[in-house]
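Chemist: Based on what follows, work out the 3D shape:
(one chain, ligands or ions: 1)
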Amino acid sequence: MLTGAGVSAESGLPTFRASDGLWEGHRVEDVCTPEAWERNPGLVWEFYSARRAAAERAEPNAGHRALAALERRLGDRLLLCTQNVDDLHEKAGSGADDPSRLVHMHGELFVSRCSADCGRPPFLDHALYPEFSRIARCACGALVRPHIVWFGEMPLGMDRIYEEIDQATVMLVVGTSGAVYPAANFVDWARRKGARTLYVGPEAPLNAGKFSEVVLGKAGETLPSYLGV
Ligand code: BV8
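Modeler: Just a heads-up that it's a prediction; the model follows:
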């Protein structure tokens, strides 16, 4: 399974492309690249602090819960790979029995790490850093940064993701426009391996032609009946 921002839309978290290219009023290149971080870490943390505050208040919706129910039925036969950095899949119970069944390929909003890669591991962090002077520092003295995969950075868990796609008989993709790579390529990889490829979302994704089936509907309204959970 692959999910995108659309699965969190009914929980009140805005998607990316719906806001005409602005994320919470910022241009992607101003907040979501290593260059943006070098140029203005205060602005980057202002953006991610606002998203932490919003995600903190958000609750999982029926779409998240349906995917967690499917995982309880399929167990190790299911991998949920999400492009989302919010923790709504976890809040709905995904990965509860085995955290390795959930992969955040673009990182996690409530995790920070040393910006200087000093070797200390990423750590759980719900703190808000609304301005530069409030940004925490690593024990090595460097600023902490969001444990988020920015454009131009390598997504996480790729070996595991491709290993699972190689064995997949079905790939279900929910709520992603197919605009961002390599995630948008996963469906083509799965098709080449003979998997059935299914999409659920209110509008056809950019890579719609790669799917065996496209079911038009909102995740929260469609997934419970579509998955029979
Ligand atoms: C990499 C974390 C290489 C940040 C994110 C030119 C051509 C092709 C590729 C590239 C190119 N130039 C550059 C690239 C590569 C680049 C890329 O793809 N750029 C795009 C813009 C062209 N990709 C990268 O840089 C990636 N890294 O390639 O590394 C590399 C190799 C070796 C060594 C080093 C590096 C890294 C990409 C990750 C960027 N980080 N997120 C953050 O979240 O703050 S991406 C960001 O977009 C989010 O993760 C988000 O999930 C993701 C994709 O967006 P969607 O989830 O699809 O959201 P969107 O708004 O687009 O769509 C929402 C969908 O939901 C819609 O379809 C809508 O219909 C639907 N929906 C709405 N309501 C509902 C719903 N669905 C269901 N129910 C509803 N109720």
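
Chemist: OK, contacts around the residue of the chain found nearest the ligand?
Modeler: Going by C-beta to the nearest ligand atom, the ligand is nearest to Gly6 of the chain, at 2.2 Å. Backbone N, C-alpha and C define where each C-beta goes, glycine included. Residues counted as contacts of Gly6 (C-beta atoms under 8 Å, 6 or more residues apart in numbering) are Thr15, Val174, Gly175, Thr176, Ser177, Gly201, Pro202, Ala219.

Chemist: ok, which stretches of this structure are strands?
Modeler: Applying DSSP state E to the chain gives strands spanning 2-3, 22-23, 26-27, 80-82, 102-104, 107-114, 123-124, 144-148, 170-174, 196-201, 213-216.

Chemist: related to what we said a few turns ago, out of the contacts of Gly6, which sit inside helices?
Modeler: If you go by DSSP state H, the contacts of Gly6 have Ala219 in helices.

Chemist: Pull out the buried members of the contacts of Gly6.
Modeler: Thr15, Val174, Gly175, Thr176, Ser177, Gly201, Ala219 (16 or more other C-beta atoms under 10 Å).

Chemist: With Ala183 as the reference, measure out to the closest residue to the residue of the chain closest to the ligand other than its chain neighbours.
Modeler: Leaving aside its sequence neighbours, Gly6 sits nearest to Gly175 (C-beta to C-beta, 6 or more residues apart in numbering; 2.3 Å). Taking C-beta to C-beta, to the nearest Å as the measure, Gly175 falls 12 Å from Ala183.

Chemist: And for Ile165?
Modeler: 11 Å.

Chemist: and if you look at Arg65?
Modeler: Taken as C-beta to C-beta, the span from Arg65 to Ala183 is 23 Å.

Chemist: Next to the ligand, which bits of this structure? Give me the list.
Modeler: 4-7, 9-10, 15-18, 32, 83-85, 106, 148-155, 175-177, 179-182, 201-203, 205, 218-219 (C-beta under 6 Å from any ligand atom).

Chemist: Please list only the buried members of the residues you listed.
Modeler: For the residues of the chain next to the ligand, buried by 16+ other C-beta under 10 Å: 4-7, 9-10, 15-16, 32, 83-85, 106, 148-150, 155, 175-177, 180, 201, 205, 218-219.

Chemist: what sits against Asp30?
Modeler: Taking C-beta under 8 Å, 6+ apart as the criterion, Asp30 is in contact with Ala36, Asn40, Leu43.

Chemist: contacting residues around Gly175?
Modeler: Shown in contact with Gly175 (C-beta under 8 Å, 6+ apart): Thr3, Gly4, Ala5, Gly6, Val7, Ser8, Ala9, Thr15, Gly63, Val200, Gly201, Ala219.

Chemist: Then Asp87?
Modeler: Ala55, Glu108, Leu109, Phe110.

Chemist: What is the most widely separated pair among those?
Modeler: Taking C-beta to C-beta, the two most distant members of the contacts of Asp87 are Ala55 and Glu108; they sit 10.2 Å apart.

Chemist: if I look at the most centrally placed residue in the chain, how far off is Leu2?
Modeler: Centroid-nearest residue in the chain: Asn84, 1.6 Å away (criterion: C-alpha atoms, centre = their mean). The gap separating Asn84 from Leu2 is 10 Å, by C-beta to C-beta.

Chemist: that older thread, any idea which of the contacts of Asp30 has the most stuff around it?
Modeler: The most crowded member of the contacts of Asp30, judged by other C-beta atoms under 10 Å, is Ala36 (20 neighbours).

Chemist: and that residue, what pLDDT?
Modeler: Ala36 carries a pLDDT value of 96.
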